[in-house]
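[1] Any chance you could fold what I've pasted below:
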Amino acid sequence: MNSFRHLYGKQVVGLALITAFFAACSSDAKKEDKEDLIEVADTVRTIVVNVDGELFSIPSPIQTAQLVQKSGIAYDKSVLNEEAKVVHYSTEFSRALNLGVYGADLGYVALYGQTQDVLSYISSVRQLSDKLGVSAAFDENTMNRFKNNVTNKDSMMNLVGVAFRSCDAYLKENNRSNVSTLVVTGGWIEGMHFTLTAYKNKPTEMLKERIASQKQAVSSLIKILSTNTSEEATDMLVKFAQLADIYNHINLKYVYVAPTTDAEKKLTYINSKSEIYIAPEQLTAITRIVGELRNIVVNTTQS
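    Alright, predicted model coming up:
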C-alpha cells in the first residue's frame, strides 16, 4: 500500500485527463509557446467534477496508465479502442463517452512514446470533438503543435493535459456539464480496462490495490450519471450499481503502527496504513462488469 501512495504523491507531467486532448480550446492555451510544453507541472491526482454544487473526485486515467507502465507492462495497442470505430458514434451520449475513452487512449500512447499511434488517436479525438461542437479544440494551429512535438514525450503529455483542462472549462462554461461528466465516465472505464488487463497479464500488488481502491470513484460516478435522464445512462447505472455492491463488500483494514520521530529534523512520521483485502472472486466480478460497461461504450453500432 505504501508504494501505491508513493506513486500518488509523485510529481509527474501535469494532465487533468478528463480533457487530455483539447489543446487550444481557450485563447490561453493557444498563446503557449512550444518551449513551454516541456515544463513539468504538478500532478493532477484526480479529476474533480462539480455537479449542482457538489464536488466529486475521479482518478485520472492518465495516472492509471502511468501505474500500468510502472508495473513493467509493455505497450499493447490491442488494449485500446480501435481508431476506426470513431465513425460509428452518432449520438451525443456515445460521442462524449468515447471522447473520454479515446482521451485515455491518447494519454496511454503518448506515455509510451508511440509517435504514429499518437497522431492516429489525435485524429479520432478531433473527429469526436468536432461533432460535439468543440471544434476549436483542434484547429490547424493546435494540430501543428501536436505534430511539432510528437517525438517529445514530455511535451506531448503536457500539451495533452493543458488541452483537456481548457476544453473541460469550455463545456462547463457553456452549460454542457452532462457532456463533461460523460467524458469523465468514459475515461474512468478505459483506465480501469487498462488496469484489469494489465493485472491479468502480470498480477502485482500495486495493480491489485488500484483496482480494489475504486469504491469512492464508483460512488461518485453513480451520482454524476444519475443527473443524466437518458435511457443509455439508466442502462449504465445498472452496471455501476453492481460494481458498487461488490466494492461495499471489499474489506478495508486500518493497521496502527507507532509513529517515529526524528528529533534532529523535528519531524514525526506517521507509519500507520490502510490495507485493502480483495478476494479472487471479487476481482473476477469487477473484471466482468467493467468489461460489460466498456463493451456498451465502445461497441455502439449506430452510424
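[2] Quick check: residue 62 touching residue 107?
    Yes. When contacts are counted by Cβ atoms under 8 Å, residue 62 is listed as touching residue 107 (4.0 Å). C-beta: built from backbone N, CA, C; applies to glycine.
[3] hey, where'd the helices end up in the stretch 151-300 of the chain?
    Counting by DSSP state H, counting those that start in this stretch, the stretch 151-300 of the chain has helices at residues 153-173, 177-201, 205-212, 215-225, 231-247, 280-298.
[4] With just CA atoms, put stretch 226-236 into CSV.
    Output of stretch 226-236 as CSV, limited to C-alpha atoms (Å, rounded to 0.1, in the frame of the first residue of the first chain):
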residue,chain,number,x,y,z
SER,A,226,-27.8,9.9,-12.0
THR,A,227,-28.2,13.5,-13.2
ASN,A,228,-28.5,12.2,-16.8
THR,A,229,-32.0,11.2,-17.6
SER,A,230,-31.3,9.3,-20.9
GLU,A,231,-32.1,5.7,-21.3
GLU,A,232,-28.4,5.0,-22.1
ALA,A,233,-27.4,6.4,-18.7
THR,A,234,-30.0,4.3,-16.9
ASP,A,235,-28.6,1.1,-18.5
MET,A,236,-25.1,2.0,-17.4
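[5] what comes up buried for it?
    Within stretch 226-236, the residues that qualify as buried by neighbour count (16 or more other Cβ atoms under 10 Å) are 228, 232-233, 236.
[6] tell me the mean pLDDT over it?
    For stretch 226-236, the mean per-residue pLDDT is 90.
[7] who's in contact with that stretch?
    Stretch 226-236 is contacted from outside by 51-52, 91, 93-94, 178, 181-182, 185, 225, 237, 293, 296, using Cβ atoms under 8 Å, 6 or more residues apart in numbering.
[8] Pick the one among those closest to residue 198.
    residue 293 (17.5 Å; Cβ to Cβ).
[9] Closest one of the contacts of stretch 226-236 to residue 209?
    Nearest to residue 209 among those, with distances taken as Cβ to Cβ, is residue 293, at 21.0 Å.
[10] ok, that closest one - contacts?
    Applying Cβ under 8 Å, 6+ apart, one finds that residue 293 lies in contact with 189, 236, 239-240.
[11] thinking again about what came up before, now the buried residues of stretch 226-236 in TSV, with distance to residue 71?
    Formatted as TSV, those follow (distance: Cβ to Cβ, whole Å):
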residue	distance to residue 71
228	34
232	33
233	33
236	28
